[in-house]
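> Sharing a model that was predicted from the sequence below.
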Amino acid sequence: MEAKAITRHIRQSPRKIRIVLDEVRGQAVEDALNYLHFSKAKASAQIEKTVRSAVANLMNTAQDIEVNTDGLRIKECYADGGPHMKRFRAASMGRISKLNKPTSHLTVVVADDKN
């Protein structure tokens, strides 16, 4: 049994999120949540919320089946690029410089060890 959670429009670049995702990919959910909770990276807070949401989604979809949370693993996790916010800033001699603020879409899939 597996469940998915998606967080969209995270105000951080996908490259920085992928650095933290590589650390938790394939781990048990409890170990991943422990790592994410005590990590200093900005992305770890959003990833932790998404993993908790995926676990809650699994519990809600499997109401008639008893699911053991100790046997859950992070099956897939990836960060895709979202839309860029394009902003402008004053530069020297009356010019402007372009600021490109990236966003990300985060997807986490959790599954039990049987799959």
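All right, it came through fine.
> Where does the most centrally placed residue in the chain fall, secondary structure wise?
The C-alpha lying nearest the average C-alpha coordinate of the chain belongs to Ile47 (Cα atoms, centre = their mean; 3.5 Å). If you go by DSSP states H and E, Ile47 is part of helix 43-61.
> in that helix, what's buried?
Residues 43-44, 46-48, 50-55, 57-58 are the ones in helix 43-61 that count as buried (16 or more other Cβ atoms under 10 Å). Backbone N, C-alpha and C define where each C-beta goes, glycine included.
> about what we covered before: for the residue nearest to the centre of the chain, give its distance to Glu2.
18 Å (Cβ to Cβ, to the nearest Å).
> average pLDDT for stretch 79-98?
Per-residue pLDDT values over stretch 79-98 give a mean of 96.
> Numbering from 28 from now on, please.
Happy to do that; since the first residue is 28 now, the last one works out to stretch 106-125.
> Show me the contact partners of it.
Stretch 106-125 is contacted from outside by 35-37, 41, 44-45, 48, 126-134, using Cβ atoms under 8 Å, 6 or more residues apart in numbering.
> quick one: Lys43 and Gln73 touch, right?
No. Counting by Cβ atoms under 8 Å, Lys43 does not reach Gln73; the two are 10.7 Å apart.
> just to revisit the earlier point, please state the offset of the helix holding Ile74 from the chain centre?
Averaging C-alpha positions (Cα atoms, centre = their mean, to the nearest Å) puts helix 70-88 9 Å from its chain's average.
> what element comes up after that helix heading to the C-terminus?
Assignment by DSSP H and E places the next element after helix 70-88 at strand 99-108.
> give me the low-pLDDT residue ranges for the chain?
For the chain, the stretches with pLDDT under 70 are 142.
> And the contacts of stretch 106-125, which two are furthest apart?
Within those, Leu126 and Thr134 form the most distant pair, 26.9 Å apart (Cβ to Cβ).
> Leaving out sequence neighbours, find the closest residue to Ala72.
Leu63 (7.7 Å; Cβ to Cβ, 6 or more residues apart in numbering).
> Next up, the contacts around Asp139.
Met28, Glu29, Val94, Asn95, Gly98, Leu99, Arg100.
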